[in-house]
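Enquirer: sequence and predicted structure, then a few things I'm wondering about:
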Amino acid sequence: MFSVPRPPSLPDSRTPLRFDGQELETATFRLRTVTPILGGAHRTREIDTVDFVRVPAIRGALRMWWRALFGGEYDEVRALYEREVQVWGGLLSGETRGAAPAQKVKRSPVQITIAVHNAKMVEVDRESPAMSARDGYALWPAREERNHGQLKRPAAPRRLPGLEFTLTMQFPAAEAVRREVLGAVRAWILFGGYGGRTRRGVGSLTLLEAHTERESDRWLPKEATRDEIVKVFGWNPFESSSSRGCDDLPLLAGAELVSGQPKKDAQQVWFEALGWLQEFRQGRARSEVKRFPSNAARDRGSKVPGKSFWPEPDKIRHIFGGSWKKEARHNATPVWPRAGFGLPIVGKVKGPGDFKLHWFDRKDHGHERLASPLIVKAMPLDGGRFVPIGIWLHRAYPDGTVGLSADHWRSDRSRASFDQLVAEGDTALYAPLVTKAVRNAQAGHKLQRAFMDWVTQKNRVRRIF
């Protein structure tokens, strides 16, 4: 006769969770998307049809917002990176072995799980977005591409607003880690989003419920005010820092925040914020412009928008030469002010045709991407409302120049420094680029000053920070 072994005893449900000897805290957030999702899958230009919201995508977004929140507290990038690895995981250099230091993988103590609730109820838009649509300015990368009428690349699908999911996080209960992890979640919900083009308001979120171990935790501000933002975070995330060691990263410390009026409709709020940038860059005059500088970004035109008053098209005409040079109203000295809104810039100018602007480092290596420091989106407020906001993140420009290329060709004559708005000896045609405040702004902040002054004066927008 044999005895049945007793099953192992289960741990007490009240026993705290632990990771590597650290007690863990659990927090849950029920979220809903309020603008379309573009991307977010393991392949670009796709939305995931299995993992509708992917943990790696959220973890990447939280890391970015963690750096934006806390990068201003560090004097050097290396120290920031080491702290980031301690919180979010990654590679750490260990003792030197031979010619190179050994590296070890540090697993993140922050655990993330996702539960999607209504994916099958949220439709997917597979049509090519129209540039004339109110969301077309944000979704233009999703357009289909054609070559001589033949489909070259289909439109990228977008998941429509309304996707609901629960984000569950477990992290060390130590006060320092708690502050950093929950601070990143707050910043992501308020200022970020899920998927691609989040700096243009795509994939924005609102919070439906939040459960943490402290009842005093606040998540959404009641109003878009300085006091409410500070209450939500528990400190002022926009306060300038004396440290300049991580200035090449986009930071909230030293950033500028403006807001409009709150409304219930998140889509309308998003369109309003997006419209600020679109009008500043491409707004058409109501009638033919005869005097300069103009307060409009381009002439009225007839069936199509007229000539731009920004200098870039004329600079391209000078570089390409030929008969198109005669149409230029700016001089030949290159400047590329709109590079400050992010790179690459791909476009077409009547005559020369397609072009691309990107940046080159001091070793003359070309770089395709430079993320925009400007975020325009619908920020959620307590009570189901939303407010249009613009955030200009604090970030130094790269140590390099902006230049032009077209069809595997590039011109050294096209190189210019970042944040030059008007070329030496040139006549400005667009008024916001030559205001007194812009001329007196510090180097690296001239385009920021031009846009922020314009949006607050023209659109009755308030400065918060």
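Expert: Looks like it arrived, so ask away.
Enquirer: make it CA atoms for all contacts and neighbour counts henceforth
Expert: Fine.
Enquirer: what does the domain assignment say about the protein?
Expert: Here the domain parsing of the chain from automatic domain parsing is 19-93+105-219, 257-463.
Enquirer: to Val232, which of these lies closest?
Expert: domain 19-93+105-219 (5.3 Å; CA to CA).
Enquirer: just to revisit the earlier point, make CSV out of the domains of the chain and add distance to Gly234.
Expert: Listed next are the domains of the chain as CSV, based on distance: least, CA to CA, whole Å:
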stretch, distance to Gly234
domain 19-93+105-219, 9
domain 257-463, 17
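Enquirer: quick one: closest of the ones you listed to Gly245.
Expert: Closest among the domains of the chain, using CA to CA: domain 19-93+105-219, at 4.3 Å.
Enquirer: hmm, back to that, mind putting the domains of the chain into CSV with mean neighbour count, distance to Val230 and mean pLDDT?
Expert: Shown next, in CSV, are the domains of the chain (neighbours: other CA atoms under 10 Å; distance: least, CA to CA, whole Å; pLDDT from 0 to 100):
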stretch, mean neighbour count, distance to Val230, mean pLDDT
domain 19-93+105-219, 18, 11, 90
domain 257-463, 18, 13, 90
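Enquirer: among these, which is nearest Leu251?
Expert: domain 19-93+105-219 (4.1 Å).
Enquirer: ok, Glu215 to Asp382 distance?
Expert: Computed as CA to CA, to the nearest Å, the Glu215 to Asp382 distance reads 16 Å.
Enquirer: for Pro56, same thing?
Expert: From Pro56 to Asp382 the distance is 28 Å (CA to CA).
Enquirer: and Asn118, by the same measure?
Expert: Taken as CA to CA, the span from Asn118 to Asp382 is 23 Å.
Enquirer: got it, and Gln261?
Expert: In terms of CA to CA, Gln261 sits 14 Å off from Asp382.
Enquirer: cool, and Ser294?
Expert: 40 Å.
Enquirer: what ranges do the helices span in this structure?
Expert: Taking DSSP state H, the helices of the chain run over residues 55-70, 77-88, 136-139, 175-191, 226-233, 266-282, 312-320, 436-440, 446-458.
Enquirer: so what's Ile391 up against?
Expert: 255-258, 373-376 (CA atoms under 8 Å, 6 or more residues apart in numbering).
Enquirer: next: Gly193.
Expert: 61, 201-205.
Enquirer: how about it: what's its closest non-neighbour residue?
Expert: Of all residues not flanking Gly193 in the chain, Ser204 sits nearest, at 4.3 Å (CA to CA, 6 or more residues apart in numbering).
Enquirer: circling back to that earlier point, which one of the contacts of Gly193 is nearest Gln278?
Expert: Using CA to CA, the contacts of Gly193 come closest to Gln278 at Gly201, 12.9 Å.
Enquirer: quickly list what the closest residue to that closest one other than its chain neighbours is bridged to.
Expert: Closest residue to Gly201 apart from its sequence neighbours, by CA to CA, 6+ apart: Lys377 at 4.1 Å. Beta bridges link Lys377 to Ile389, judged by DSSP bridges.
Enquirer: OK, contacts around Lys377?
Expert: Contacts of Lys377 by CA under 8 Å, 6+ apart are 191, 199-202, 204, 269-270, 273-274, 388-390.
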